[in-house]
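> here is my input, please return the structure:
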Amino acid sequence: MSSQTPPRHVIDPAGGCPHALNARLRAQGSVAEVVLPGGVPGAVVLGHEALKEFLAHPDVAKDARHFPALHDGSIPADWPLRVFANAQGMHTADDADHRRLRSLVGNAFTARQVERLRPRVAELTDALLDDLAGAAAASADGVADLRTHVALPLPMSVICELLGVDPEHRGRLHDLSHTVIIATDTTPAEVMAAVRELVELIAAIAAARRAAPGEDLTSALIAARDEDGDRLSEAELIGTMRLMLVAGHETTLNLITNAVRALCTHRDQLALVMDGKASWSDVVDETLRWDGPVSWFPFRYPTRDLTLDGTVIPQGTPVLAGYTAAGRDEAFHGPDADRFDLTRPTAARSLSFGHGAHYCVGAPLARLEATIALERLFTRFPGLDLAAAEGELPYQRSFIGNSVEVLPVRLG
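As a prediction, this is how the structure comes out:
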């Protein structure tokens, strides 16, 4: 990068609340040099306009063959973040390969197809709210963890039903995906072991669907591959399923959690929705901007030296997309970007679902799940509130995921 940039920020693998760090780095420029865990030099794009340009830039790739240090011996084989670079699927593919892989799952996530899931999502939500109420009633202090009882099982159940994953696998899938993708303070040995077990479990799920196909997305992916052998390799099948399982629940889990936190600590904004002056879609949009579910996401690689907002990012640099940073960029969202405001006209223009060819294919499903969950939660429990001070809630130990580890609530 240019010699004018400040010293590299060393990323803390334990992460934590990103907003103060984002503000400090963003004040120095839209792009920051960083040192990734393991001592690997990289960069993060923090400004809204710079990130929007970067995400759709024709000279930025997702395929790790454009990351020379990963292959020339510079980076050890047990580097924990290799899991992001080495994954095979549409999220690490470019151009024709990306279009081919995305087309296989895209039809399942169109707005029309997702809308068909509304009754099932509502049914699941109501059952989980019953569970939340039961847990609160059974506890001595009337407190229950909303994350455990609602925010996690709702998107996990939906994506697993879509993929044809039996219920007995769901808890382990979440634990493994969290270790591999979210918990960035884990050791290389823990990550490698979790990756192996996750791949083996997904392969077993695929094998079960191959032996007994059903009306599920996994069976459809297998059929597409078997009918035309070069369409989807075994590694691509496993990678695509892993992407959908992980992204299909971890991000929505954080989105619902963060939205409930925001509404409980901004009762005036909750009142706007309850009075019909703002919508639950507004809540989702503003949460995505103000406290998005993903903070700094790996990786993209410039295929040539790339100048972004006056800063040169050298070819082959592993770059993080700073979604939470862009969400509070005052240059785009205005001087009150730190304020949670459901009437904000630019809220819907956040980049939390990405931008360009790799825009999140599951965005319509995440929005549906979150809006239904929030509406039914606060309609049933309008007095719901946090059972701990906001500042006392433990943050995820991650610089990738952005949320708290538990969300204790009283139902009011």
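> for the rest of this, base every contact and every neighbour count on C-alpha atoms.
Fine.
> now the strands for this protein?
9-10, 31-36, 40-45, 60-61, 143-145, 296-302, 306-308, 311-313, 319-322, 385-386, 408-410 (DSSP state E).
> now the ones you listed in CSV, with mean neighbour count?
Shown next, in CSV, are these (neighbours: other C-alpha atoms under 10 Å):
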stretch, mean neighbour count
strand 9-10, 16
strand 31-36, 22
strand 40-45, 23
strand 60-61, 22
strand 143-145, 22
strand 296-302, 23
strand 306-308, 17
strand 311-313, 19
strand 319-322, 26
strand 385-386, 21
strand 408-410, 21
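> how about those strands in TSV, adding distance to Cys264 and mean pLDDT?
Output for those, formatted as TSV (distance: least, C-alpha to C-alpha, whole Å; pLDDT from 0 to 100):
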stretch	distance to Cys264	mean pLDDT
strand 9-10	33	96
strand 31-36	33	97
strand 40-45	31	97
strand 60-61	40	98
strand 143-145	14	98
strand 296-302	25	97
strand 306-308	38	97
strand 311-313	40	96
strand 319-322	26	98
strand 385-386	6	98
strand 408-410	10	98
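> those: which one's closest to Val199?
Closest to Val199 of these is strand 296-302 (C-alpha to C-alpha; 19.8 Å).
> tell me how far that closest one lies from the chain's centre.
Centroid separation for strand 296-302 versus its chain: 14 Å, with C-alpha atoms, centre = their mean, to the nearest Å.
> please save the CA atoms from that strand in PDB.
The C-alpha trace of strand 296-302 is given here as PDB (Å, rounded to 0.1, in the frame of the first residue of the first chain):
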ATOM      1  CA  TRP A 296     -15.000  -8.100   8.800                       C
ATOM      2  CA  PHE A 297     -15.500 -10.900   6.300                       C
ATOM      3  CA  PRO A 298     -12.600 -12.700   4.500                       C
ATOM      4  CA  PHE A 299     -11.500 -12.800   1.600                       C
ATOM      5  CA  ARG A 300     -11.200 -11.000  -1.700                       C
ATOM      6  CA  TYR A 301      -8.000 -10.500  -3.700                       C
ATOM      7  CA  PRO A 302      -7.000  -7.700  -6.100                       C
END
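> what's the angle from it to strand 40-45?
Here strand 296-302 points in a direction 100 degrees away from that of strand 40-45 (axes from the mean of the first three to the mean of the last three C-alpha atoms, to 10 degrees).
> counting by contacts, list what strand 296-302 packs against.
strand 60-61, helix 82-86, strand 319-322, helix 323-327 (3 or more C-alpha pairs under 8 Å, 6 or more residues apart in numbering; DSSP states H and E).
> so which elements touch the worst-scoring helix or strand of the chain on mean pLDDT?
Sorting the helices and strands of the chain by mean pLDDT, DSSP states H and E puts helix 217-227 at the bottom, at a mean of 80. If contacts are counted by 3+ C-alpha pairs under 8 Å, 6+ apart, helix 217-227 sits against helix 95-106, helix 153-163, helix 188-211, helix 234-247.
> in TSV, list these along with mean pLDDT and mean neighbour count.
Shown next, in TSV, are the helices and strands packed on helix 217-227 (pLDDT from 0 to 100; neighbours: other C-alpha atoms under 10 Å):
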stretch	mean pLDDT	mean neighbour count
helix 95-106	88	16
helix 153-163	93	21
helix 188-211	90	17
helix 234-247	86	20
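> so for Asp275, which of the ones you listed sits nearest?
Closest among the helices and strands packed on helix 217-227, using C-alpha to C-alpha: helix 153-163, at 26.2 Å.
> against Leu308, how distant is Val31?
Using C-alpha to C-alpha, to the nearest Å, we find Val31 at a distance of 7 Å from Leu308.
> show me the common contact partners of those two, please.
Common contacts of Val31 and Leu308 (C-alpha atoms under 8 Å, 6 or more residues apart in numbering): Ala50.
> how about the residue nearest the centre of the chain, what does it touch?
In the chain, the centroid-proximal residue (C-alpha atoms, centre = their mean) is Thr251; its distance is 3.5 Å. Applying C-alpha under 8 Å, 6+ apart to Thr251 gives the contacts 293-294, 401.
> drop anything exposed from those residues.
Among those, those classed as buried by 16 or more other C-alpha atoms under 10 Å are 293-294, 401.
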